[in-house]
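In: Below is the sequence, then the predicted model.
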Amino acid sequence: MTNDVLIIGGGVIGLAIAIELKLRGKKVTVLSRDFHAAATHAAAGMLAPDAENISNQAMQELCWRSRSIYADWTHKLEQLTGLNTGYWPCGILAPVFSGEEGVKSFSPSPHLPTSLSSSTAYWLDREAIHQYQLGLGEEVVGGWWYPEDAQVDNRALAKALLSAVQSLGVELKEGTATEGIIQQQGQVVGVQTNAGIWRAEHYVLATGAWSNQLFPLPVRPIKGQMLSVRVPEFLAEFPLARILFGRDIYIVPRRDRRIIIGATSEDVGFTGQNTPAGIQTLLQHAIRLYPQIQHYPIEELWWGFRPATPDELPILGTGPCQNLTFAVGHYRNGILLAPITAALIADLICEQKSDSLLSHFHYSRFQTKSSTPNQMLTHTANVPHSPTAPLPDAPPLVSTSTSVPLPITDTPLVIAGKTFTSRLMTGTGKYRSIEEMQQSVVESGCQIVTVAVRRVQTNAPGHEGLAEALDWTKIWMLPNTAGCKTAEEAIRVARLGREMAKLLGQEDNNFVKLEVIPDPKYLLPDPIGTLQAAEQLVKEGFAVLPYINADPMLAKHLEEVGCATVMPLASPIGSGQGLKTIANIQIIIENAKVPVVVDAGIGSPSEAAQAMEMGADALLINSAIALAQNPPLMARAMNMAAVAGRLAYLAGRMPIKNYANASSPLTGTITN
């Protein structure tokens, strides 16, 4: 099915853009993995550009512009759906405690654009603030009143957006998980999902905290815990008529007698659930600010994931492909920025009109320290080649010929939401020189290179300068925990590996090749330690690629705890013995729902091809390349073997028979 615009992500940003595009005459489809998992449902709905005292001038202007159109935007939604969004221009009161640098910290920025009227703020001294809002804590010595800040009921808004999308005829595909973005020649040509491939003329990525699972953008989840209390019915007068905004807390009253209390800020990956420590912290801060809240019954606890970027600003505007637009990374202000984001993105798509503000939020600001277009590893057929070894390029896995296309149906290699063309991974150890390693990596055509964290950290022989030897804008680093004998060591080294990837510019890299090897003679992985380490690392947000014995049951357990792949050995690591565990690897391949990467023991291209013919998703080969007489030439051979083996697997082998069957049968020939 072809659409004008395909929006990936069904949160407030995705739905707002869909509505705006539909009202401008576009045919729109929204792919939503889980509507209720979006940050929209976990927010407090504050529209607080003044109270937040945003320091970035472009972000200030973006937020003010969005707040200025919020009343009209919600009114339009309410007219479309008949549903109340809970928009309430209640203002925000920001109390200051004794001992805080209140006036300095909470004063409005002196750099406010004079063209905007959004800078209204009033200082209230101790007597004034306690008269203005009864019941504040005794430690409150003053505060700022921001009358133009407001709120919206985030859950009511979500329902209104969903209803508007449906009433306007936008196609909403709920329960559709996007697995990869298919890209060719600078264009997105489709989106791979659990329900097949979807195509459109233009694509919008609006996937919130999950964005870097599809594109290597520096967006990470920041968990926030929240709770609500309810004002008892016997209190005839509702005690709060405005939001209270403290340094570590906010208290948001709703007109239905609920009071929202939030929110923690935790960099713990996608670790969900409420915790006693998190809720206790919120309650302590809330009671200090507004003591009588301790007497109200708790109604609900919840959590959500904010989509944060390194500079805490959104990523908006054109992407690395001509027909791809980004609308991600809104962090704390997704609900506030929904109307302006929708308008700016719709202008960009419908009219090719780029507002001057968008330049401040373009993804390219992270290029020098994170992903570049070449690193957007998607389904293309480009294989790098070495200028010093002009060998013929290996054939692409999917033919891009326009004259005689091969009838091949294949899915891309997707690991932890990232899509790769090459199914060969290589290593960096055992080479005779850095230059030989560099040439071999290029000739292999690989996109993933594994690096031993400990050896790089300690500048072990053969690893001096390794971090600077490869172009990490084109190669995805796979830090490994080589040399770790226990689960505890491996977890610690994995954390170091993640930081090393960040230092090399891959802010969004959460991959780790997990090795727990206590035996120095046979180098066989410890299954118990591997499983223990994998469980913890998955909880910390790592994409874990565990190196294991070819044990089908262990592979299943690792998949169940959330590992991104399983990596069974073909034979002992570095032995070059070839495929000695075929039967078990076949069982693993048959049962696995994650990619199976055959790792260790492959010594020749024929063995590499055989592993791929069995149905392995990828190979990791180091020693067979590094210890060859001509490593770059062997790297190219392994590249071609991986491609040939995959093609053979897709083509299907002829059946084996116990008797001869002539290639040129005699039927129909003239015999006399």
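Out: Nice, I can see it.
In: how near is L524 to G483?
Out: If you measure L524 against G483 using Cβ to Cβ, to the nearest Å, the figure is 15 Å. Every residue, glycine included, has its C-beta placed from N, CA and C.
In: do V544 as well
Out: Counting by Cβ to Cβ - V544 and G483 are separated by 17 Å.
In: More neighbours: which of the two?
Out: V544 (26 against 17; other Cβ atoms under 10 Å).
In: Now do the helices for the stretch 551-672 of the chain: every range, in order, please.
Out: 552-560, 582-591, 605-613, 623-626, 631-651 (DSSP state H, counting those that start in this stretch).
In: Tell me which of those approaches E61 most closely.
Out: helix 552-560 (47.5 Å; Cβ to Cβ).
In: what sits up against that closest one?
Out: The contact list for helix 552-560 (Cβ atoms under 8 Å, 6 or more residues apart in numbering) reads 527, 530-531, 534, 544, 546, 548, 566, 568, 584, 587-588, 591-594, 596.
In: what angle do it and helix 582-591 make?
Out: 30 degrees (axes from the mean of the first three to the mean of the last three Cα atoms, to 10 degrees).
In: Past the helix-or-strand element of the chain with minimal mean pLDDT, which element shows up next along the chain?
Out: None of the helices or strands of the chain scores lower by mean pLDDT, DSSP states H and E than helix 102-106, at a mean of 45. Once the chain leaves helix 102-106, the next helix or strand it forms, by DSSP states H and E, is strand 122-125.
In: mean confidence for whichever helix or strand comes after that following strand?
Out: Per DSSP H and E, the first helix or strand lying C-terminal to strand 122-125 is helix 126-132. Mean pLDDT, helix 126-132: 95.
In: packing partners for helix 126-132?
Out: Contacts defined by 3 or more Cβ pairs under 8 Å, 6 or more residues apart in numbering; DSSP states H and E place helix 126-132 against strand 92-97, strand 140-146.
In: which neighbours does the longest one have in its sheet, and in what orientation?
Out: Think strand 140-146. strand 92-97 (antiparallel), strand 122-125 (antiparallel) (DSSP bridges).
In: burial measure for the nearest residue to S359 once chain neighbours are set aside, as a count.
Out: Spatial nearest neighbour of S359, excluding adjacent residues (Cβ to Cβ, 6 or more residues apart in numbering): G317 at 7.8 Å. Look at G317: counted by other Cβ under 10 Å, it has 21 neighbours.
In: For G317, name its beta-bridge partners.
Out: Going by DSSP bridges, G317 forms beta bridges with F326.
In: JSON lines for the strands paired with strand 140-146, including mean neighbour count and distance to P605?
Out: Below are the strands paired with strand 140-146 laid out as JSON lines (neighbours: other Cβ atoms under 10 Å; distance: least, Cβ to Cβ, whole Å):
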{"stretch": "strand 92-97", "mean neighbour count": "24", "distance to P605": "66"}
{"stretch": "strand 122-125", "mean neighbour count": "14", "distance to P605": "75"}
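In: quick one, which of these is nearest to I345?
Out: Among the strands paired with strand 140-146, strand 92-97 sits nearest to I345 (Cβ to Cβ), with 27.6 Å.
In: hang on, the earlier thing: could I get the helices of the stretch 551-672 of the chain as CSV with mean neighbour count and mean pLDDT?
Out: Below are the helices of the stretch 551-672 of the chain laid out as CSV (neighbours: other Cβ atoms under 10 Å; pLDDT from 0 to 100):
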stretch, mean neighbour count, mean pLDDT
helix 552-560, 19, 93
helix 582-591, 17, 91
helix 605-613, 22, 92
helix 623-626, 24, 91
helix 631-651, 22, 91
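In: quick check: domain ranges of this structure?
Out: 1-84+150-218+309-382, 416-651 (automatic domain parsing).
In: To P239, which of these lies closest?
Out: domain 1-84+150-218+309-382 (16.5 Å).
In: Now render the strands paired with strand 140-146 as JSON lines, adding distance to L357.
Out: Converted to JSON lines, the strands paired with strand 140-146 look like this (distance: least, Cβ to Cβ, whole Å):
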{"stretch": "strand 92-97", "distance to L357": "24"}
{"stretch": "strand 122-125", "distance to L357": "28"}
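In: so which of these comes closest to M640?
Out: strand 92-97 (63.5 Å).
In: which residues sit against the closest one?
Out: Against strand 92-97 from outside (Cβ under 8 Å, 6+ apart): 46, 48, 50-51, 102-103, 105-106, 124, 129, 132-133, 136-137, 139-146, 149, 242-247, 288-289.
In: Give the ChimeraX command for selecting the buried subset of those.
Out: For the buried members of those, the matching ChimeraX selection, counting by 16 or more other Cβ atoms under 10 Å, is:
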select :46,48,50,51,102,106,124,129,133,136,137,140,141,142,143,144,145,146,149,242,243,244,245,246,288,289
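In: In the stretch 201-350 of the chain, what residue spans correspond to helices?
Out: Counting by DSSP H, counting those that start in this stretch, the helices of the stretch 201-350 of the chain are 276-289, 334-351.
In: For the stretch 451-600 of the chain, give me the ranges with low pLDDT.
Out: Along the stretch 451-600 of the chain, the parts satisfying pLDDT under 70 run over 454-467.
In: list the contacts for A346?
Out: Taking Cβ under 8 Å, 6+ apart, one finds 17, 20-21, 24 in contact with A346.
In: With respect to G175, which of those residues is nearest?
Out: I17 (20.1 Å).
In: State the next helix or strand along the chain beyond whichever strand or helix holds the closest one.
Out: Assigned by DSSP H and E, I17 falls within helix 12-23. Moving toward the C-terminus from helix 12-23, the next helix or strand (DSSP H and E) is strand 28-32.
In: Report the strands that pair with that following strand, each with its relative direction.
Out: Going by DSSP bridges, the partners of strand 28-32 are strand 2-8 (parallel), strand 171-174 (parallel).
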